[in-house]
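>>> need coordinates for the below:
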Amino acid sequence: MSRERGILGLKKDPKHQLLFLFKVPEGEEWPSSDSEDDDYRPDAKPESDGSADSEDERFLTTNTSSTKSRASTSKAAKLNSNNNAKTRRGQERLNKRKHDHSQAESSQAKKQRKHSTTLPKHASGSHSERTPAENRRSDIGDGKSDVTALTTPGAPVPHLPPELWMRIFSFLVGSSGPLPFLCRASKVCQSWREMASHPTLWHKVDLSYGWIKSTDQTLQWLAQHRLSQCREISLSGWKNVTNNAVKELSEHCPQLESVNVSHCAKLTSVAVSALADNCHSLRELDLSFIPSDGVSTQTLKKIAEQLGATLTSLNVAGNNLKGFHLALNSIMEHCTHLEMLDISNSKFSTDFLMLNVEKLHVCCPSLRILRLANCKVRGTQVSQRVQDESPGFTKLTQLSCAMPAGDSPMTGGGVPDNLLQRLVHKAGDLRLLDLRGCSSFHPDTLLASPAINLTQLYLSQSSITRYSDSLEAIALKWRHSLKVLDLAWTSPVSDHLDNAITALTQFAACPLEQLNLAGTTVTLQSVKLCLQKLGQLTSLDLTSCRALPRGIKCLHQGRAALNKLHKTIK
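Have a look, this model is predicted:
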């Protein structure tokens, strides 16, 4: 039996020999215990008061969770190397403690001898009686606030009243939003937690960036504890949120004025109806790219009837809109203050959406933004007299009728010339006109437009190819205001394009910033003219321009790139 026992009384194991040395070689000491660390507390447990505020952490998105799971798989492989590293670190930590302790004692002795009679109050015996870890923490304020911060020993921290902290919080929230700042600030101390949970800091909340988990539990908890005074909220991209969570949000947040539930794949008419029933101050509603049941005819009619007095923005883009002409009639009847209507990329139950433009002029006189991109739209038949007497969209600033390349009016693509005339009728404030892919309008419609200060004009792959001789007239009409001009893939006659560029550059104060000439027949001389005369130009796209030499047929972005291009072709 004695032979089977080792020197420590343990049973011998030939596979795992226990080595014992009375004299450990230098450099191989076991690492010291962490019990000597100032902040080491082996029996410490995370504190939790059990309140609702302590549940914040459960809803934070932890970016390190996946990293930890991957690291756990390789932990065993690194165990041997970690043991050696711990041994070295333990010895270094022990030597450093001895060195720092001796230095601290000598420095403290010198200070006491030199300043024994003039020692400040905050640096006197109270610090010497505390541990070094406690000395590294100093209270902010005069003891009334429990806000603490890690500072150097003896450094005074000014007291800030709660009102000033709230102003600081409001500034940060106003510049970057409440998330993730408020969730992180609530972990600092009790005072910060109380301020971070104040409803006034949660007026405008954007949850589409993934700062928190996009689940029903998250939204319900926020609605109950944070969003009672919320005015604007975005849930865009919350694919797993359901009707129950949105319904509870509408019940706890009756002051909502703007709601974005775009790309929420599980919402139906129940959630949308709850918003209409409970949020009577709703001004902006984004229902784009949601299931068709959420934008059914009955649902949209209910929205128009119950929110028509306040609704100014309605986005139903990217949906299957069955019977939308009935819903549109209800919208025109009740939403008299509508400023933005977006039905782009929508599909209708009929081949074309018949749009009564003149009725829309009368019912929605405040309309500023109208987006019909990639929609099969036609105008209803009305007399020329009705068209001429219509008040028009006098406040319209943006009109988008863009279509995919290659579509034609016969296959449903592009707005007919007559419809375009009726849409821009009396639209003197028009700033953006997007006609990309439209192959049926005539340039005379643009030249006859009352818009005199157009800033963005998109004509790529449009019918301007067939009427390239009108490019110069278009350039002359808006060269004083155009900032963005897109002529990509229009393939006009090179002389006509050169004449248009010459017309732009002859205006000394031309504000043009972006010029897209990709796929055109622009000449090198015209490119030089643009670089010399257009002082505000920041972007020039020359991709696939066959008439240009190799090496410059690409997108040139920024003044540095344009200056380099200018030197290259000089």
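>>> quick one, strands of the stretch 451-570 of the chain?
456-458, 484-486, 514-516, 539-541, 555-557 (DSSP state E, counting those that start in this stretch).
>>> need the ones you listed in TSV with distance to S383, can you?
(Each C-beta comes from the backbone N, C-alpha and C, glycine too.) Below are those laid out as TSV (distance: least, C-beta to C-beta, whole Å):
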stretch	distance to S383
strand 456-458	31
strand 484-486	35
strand 514-516	40
strand 539-541	44
strand 555-557	48
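>>> can you list the domains in this protein?
199-350, 455-570 (automatic domain parsing).
>>> save those domains as JSON lines, and put in mean neighbour count, distance to L367 and mean pLDDT too.
Below are these laid out as JSON lines (neighbours: other C-beta atoms under 10 Å; distance: least, C-beta to C-beta, whole Å; pLDDT from 0 to 100):
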{"stretch": "domain 199-350", "mean neighbour count": "19", "distance to L367": "6", "mean pLDDT": "94"}
{"stretch": "domain 455-570", "mean neighbour count": "18", "distance to L367": "18", "mean pLDDT": "94"}
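>>> could you dump those domains to JSON lines with distance to E389?
Below are the domains of the chain laid out as JSON lines (distance: least, C-beta to C-beta, whole Å):
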{"stretch": "domain 199-350", "distance to E389": "18"}
{"stretch": "domain 455-570", "distance to E389": "26"}
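>>> those domains: which one's closest to S191?
domain 199-350 (14.2 Å; C-beta to C-beta).
>>> gap between the closest one and the chain center?
Here the centre of domain 199-350 is set off from its chain's centre by 18 Å, with C-alpha atoms, centre = their mean, to the nearest Å.
>>> and the spatially most central residue of the chain, helix, strand or coil?
Centroid check for the chain by C-alpha atoms, centre = their mean gives Y209 as the closest residue, at 6.2 Å. Classification of Y209 using DSSP: H, G, I helix; E, B strand; the rest coil returns coil.
>>> can you pull the contacts of the closest residue to it other than its chain neighbours?
Leaving aside its sequence neighbours, Y209 sits nearest to L179 (C-beta to C-beta, 6 or more residues apart in numbering; 7.5 Å). Counting by C-beta atoms under 8 Å, 6 or more residues apart in numbering, L179 touches V205, D206, L207, Y209, W211, I212.
>>> tally of neighbours for S175?
The tally of other residues near S175 (other C-beta atoms under 10 Å) stands at 8.
>>> could the contacts of L179 go into TSV alongside distance to G174?
Formatted as TSV, those follow (distance: C-beta to C-beta, whole Å):
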residue	distance to G174
V205	13
D206	13
L207	17
Y209	17
W211	17
I212	20
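>>> closest to A473 among the residues you listed?
Among the contacts of L179, D206 lies closest to A473 (C-beta to C-beta), at 44.4 Å.
>>> who touches the nearest residue to the closest one once chain neighbours are set aside in this structure?
Spatial nearest neighbour of D206, chain neighbours left out: S234 (4.6 Å); criterion: C-beta to C-beta, 6+ apart. Counting by C-beta under 8 Å, 6+ apart, S234 makes contact with V205, D206, L207, S208, V259, N260.
>>> how about 7 Å then?
D206, L207, S208, N260 (C-beta atoms under 7 Å, 6 or more residues apart in numbering).
>>> pipe these into CSV and attach distance to N563 per row.
As requested, the contacts of S234 are exported to CSV (distance: C-beta to C-beta, whole Å):
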residue, distance to N563
D206, 38
L207, 43
S208, 38
N260, 41
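>>> just so I have it, where are all the strands in the stretch 151-300 of the chain?
Along the stretch 151-300 of the chain, the segments classed as strands by DSSP E, counting those that start in this stretch run 204-206, 232-234, 258-260, 284-286.
>>> now tabulate those in a markdown table and tack on distance to R378.
Shown next, in a markdown table, are the strands of the stretch 151-300 of the chain (distance: least, C-beta to C-beta, whole Å):
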| stretch | distance to R378 |
| --- | --- |
| strand 204-206 | 38 |
| strand 232-234 | 34 |
| strand 258-260 | 30 |
| strand 284-286 | 26 |
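>>> what pLDDT does A109 get?
The score at A109 is 56. That number is its pLDDT.
>>> I'd like to know which of the contacts of L179 is nearest to N244.
L207 (16.8 Å).
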